[in-house]
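Visitor: when you get a sec, could you give me coordinates for this:
(one chain, ligands or ions: 1)
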Amino acid sequence: MARHDMSDLSDASDRSDPPSPRLWGASRSDRAGIRAVIFDLDGVIYRGRRLLPHAVETVEWARNRGLAVRFLTNNSTITRADYSRHLGAFGIPTPPEHFMTSAYATALYLKSRGNAGDRVLVVGEGGLRDEIAAMGFEVLTAPPVDGVRYVAVGMDRAFCYDMLCAAMHAILDGAEFIASNRDATYPVENGLVPGGGTIVAAIETAVGFSPALIGKPTTRMLDLLLSEIGCAPEQALIVGDRLDTDIKLGRDAGVRAALVLTGISSAEEAQAAPEDMRPDWVLETLAELPPLLGAG
Ligand SMILES: [Mg+2]
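Guide: A predicted model of the protein is given here:
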């Protein structure tokens, strides 16, 4: 796949064929000094139960090269231990502590604000429930609920009107409203399904104000990862499939960002994106990452 510098873009825009993936404004020296690669999961490593092409080889290549490899996801439905098993089964063995999920980050946020035993109403699935319970909180998952100090929300495929009522009343009674993520959609094998953001929006509509947001595009999860690795933002590269979360996060955090076209966002959308969602690089697949980082 041919790559072009930013200076080529004006030529490309005159052509009628669709834009090809390209390097935007990046010289070779811009790519020097990268010590850590942070991969998004859905739409980058796999899509539903389907492993995406070149994921295994690219992760292996990065590790063999001595780069710190971590995984960062807004998905709150499973735990870090589940992710470790899941990626292991795909042939990418990874310890649980190499994953940062919006469920785990939500649990860390609660730990920083609350006390063990505080009651948390969880509108979400097992990942969010288990990560919060593991921090010592009392997790409530169904009405009736009282004495709730926090309402933590993520994707919940069993969401129902009774839980909407319970969340609304707990928040209006003074519980803090926390969203693990606001993703509008979630990629599965055959397309998209409604994401955690749709459930957050239902509760937000009922209470009339917005939650504290934990997941991408806030920099909270990435900051935690970088500090754990001991890596400055300019030494890291984030690889994601969504302009409004992964790439915006990279731009906001001062981390270089590559959009890979195997998930949500397209090359056309990347080209039309506002400055704060504009990737440094666009890759057709993960096979383009090693050459980007200087593999011979
Ligand atoms: Mg994704």
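Visitor: from here on, contacts and neighbour counts on C-alpha atoms
Guide: Will do.
Visitor: point me to the residue of the stretch 101-250 of the chain nearest the ion.
Guide: residue 241 (5.0 Å; Cα to the ion).
Visitor: surely that residue meets residue 43?
Guide: Yes - using Cα atoms under 8 Å, residue 241 is in contact with residue 43, at 5.9 Å.
Visitor: shared neighbours of these two, anything?
Guide: Contact criterion Cα atoms under 8 Å, 6 or more residues apart in numbering; residues shared by residue 241 and residue 43: 262-264.
Visitor: who wins for neighbours among the residues you listed?
Guide: Using other Cα atoms under 10 Å as the neighbour test, these are led by residue 263, with 24 neighbours.
Visitor: measure that one to residue 45 for me?
Guide: 10 Å (Cα to Cα, to the nearest Å).
Visitor: how about residue 115?
Guide: Computed with Cα to Cα, the distance linking residue 115 and residue 45 is 36 Å.
Visitor: now the residue in the chain that the ion sits nearest to. Nearest residue, chain neighbours left out?
Guide: Relative to the ion, the nearest point of the chain is residue 42 (4.1 Å; Cα to the ion). Spatially, and ignoring its direct neighbours in sequence, residue 42 is nearest to residue 187 (6.8 Å; Cα to Cα, 6 or more residues apart in numbering).
Visitor: tell me what the one you found is bridged to.
Guide: Counting by DSSP bridges, residue 187 forms beta bridges with residue 192.
Visitor: tell me the pLDDT at it?
Guide: Note on residue 187: pLDDT of 78.
Visitor: which parts of the helix or strand containing residue 199 are buried?
Guide: For residue 199, the enclosing helix or strand under DSSP states H and E is helix 196-207. Buried residues in helix 196-207, defined by neighbour count with 16 or more other Cα atoms under 10 Å: 196-201, 203-204, 207.
Visitor: stretch 65-75 now?
Guide: 67-75.
Visitor: check stretch 48-61 too.
Guide: By neighbour count on 16+ other Cα under 10 Å, the buried set for stretch 48-61 is 51-52, 54-56, 58-60.
Visitor: cool, stretch 36-50 as well?
Guide: Within stretch 36-50, the residues that count as buried by 16+ other Cα under 10 Å are 36-47.
Visitor: same question, stretch 209-221
Guide: Neighbour-count burial for stretch 209-221, with 16+ other Cα under 10 Å as criterion, is recorded at 211, 213-221.
Visitor: tell me which of the residues you listed fall in helices.
Guide: Members of the buried residues of stretch 209-221 lying in helices (criterion: DSSP state H): 220-221.
Visitor: if we can go back for a sec, how about JSON lines for the buried residues of stretch 36-50, with pLDDT and secondary structure added?
Guide: JSON lines is the format used below for the buried residues of stretch 36-50 (pLDDT from 0 to 100; DSSP: H, G, I helix; E, B strand; the rest coil):
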{"residue": "36", "pLDDT": "97", "secondary structure": "strand"}
{"residue": "37", "pLDDT": "98", "secondary structure": "strand"}
{"residue": "38", "pLDDT": "98", "secondary structure": "strand"}
{"residue": "39", "pLDDT": "98", "secondary structure": "strand"}
{"residue": "40", "pLDDT": "97", "secondary structure": "coil"}
{"residue": "41", "pLDDT": "96", "secondary structure": "coil"}
{"residue": "42", "pLDDT": "92", "secondary structure": "strand"}
{"residue": "43", "pLDDT": "93", "secondary structure": "coil"}
{"residue": "44", "pLDDT": "97", "secondary structure": "coil"}
{"residue": "45", "pLDDT": "97", "secondary structure": "coil"}
{"residue": "46", "pLDDT": "95", "secondary structure": "strand"}
{"residue": "47", "pLDDT": "90", "secondary structure": "strand"}
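Visitor: which two in those are spaced the farthest apart?
Guide: Taking Cα to Cα as the measure, the buried residues of stretch 36-50 reach their widest spread between 36 and 47, a distance of 23.1 Å.
Visitor: contacts only, for the residue nearest to residue 127 when sequence neighbours are not counted.
Guide: The shortest distance from residue 127 to any non-neighbouring residue, by Cα to Cα, 6+ apart, is to residue 78 (3.6 Å). Going by Cα under 8 Å, 6+ apart, residue 78 touches 103, 125-128.
Visitor: let me know the distance separating residue 78 from residue 96.
Guide: Where residue 96 is concerned, residue 78 sits at a distance of 12 Å (Cα to Cα).
Visitor: what residues does this structure have near the ion?
Guide: 42-43, 241 (Cα under 5 Å from the ion).
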